[in-house]
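Peer 1: Got a predicted model here, sequence first, then my questions.
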Amino acid sequence: MPFSSKRIFLEDTSLVARPGVLMDDIKERMSLLMDDIKERMVAQLSHLVIKVRNIKEDEHCVIPMGALFQCYLKELLGLAVQLGWCTHRLDIWWQGLWLLLQLLPMQ
């Protein structure tokens, strides 16, 4: 996306599949791969006759993919609602459990 005639925004997206990778492993791999990724992007731009003079800013993010236990927890919550087990207090407990499980590393 061009900001001006000499400045552009470039984004590269890498998609992955299951099984999930532990966050520590992702951070380690990303630190090793960032230079390689930059070199590949510069090579892709030079192939398009775009010369990279400098990089103002770079960032990367990891968006974790869904884990299997999320489906089971949703089904269990639906069952609890149907059986009338969910009160306001229990609903707050379920929400806390849901957040806790989302923060756990995938294995």
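Peer 2: All right, it came through fine.
Peer 1: So which bits of the lengthiest helix in the chain are buried?
Peer 2: Taking DSSP state H as the criterion, the chain has its longest helix at helix 23-47. Neighbour-count burial for helix 23-47 flags M41 (criterion: 16 or more other Cβ atoms under 10 Å). The C-beta positions use only the backbone N, C-alpha and C, and glycine is treated the same way.
Peer 1: got the domain boundaries for the chain?
Peer 2: Following automatic domain parsing, the chain resolves into domains at 1-63, 68-103.
Peer 1: Flag the shaky bits of the protein, pLDDT-wise.
Peer 2: For the chain, the stretches with pLDDT under 70 are 13-23, 26, 31-32, 60-81, 83-107.
Peer 1: and stretch 39-56, how far apart are its ends?
Peer 2: By Cα to Cα, to the nearest Å, the extent of stretch 39-56 from end to end equals 15 Å.
Peer 1: who's in contact with it?
Peer 2: R7, I8, L10, D12, K38 (Cβ atoms under 8 Å, 6 or more residues apart in numbering).
Peer 1: For E28, state which of the residues you listed is nearest.
Peer 2: Set against E28, the nearest of the contacts of stretch 39-56 by Cβ to Cβ is K38 (17.5 Å).
Peer 1: wait, isn't that closest one in contact with D58?
Peer 2: Yes. With contact defined as Cβ atoms under 8 Å, K38 counts as touching D58 (7.1 Å).
Peer 1: shared neighbours of those two, which are they?
Peer 2: Common neighbours of K38 and D58 (criterion: Cβ under 8 Å, 6+ apart): none identified.
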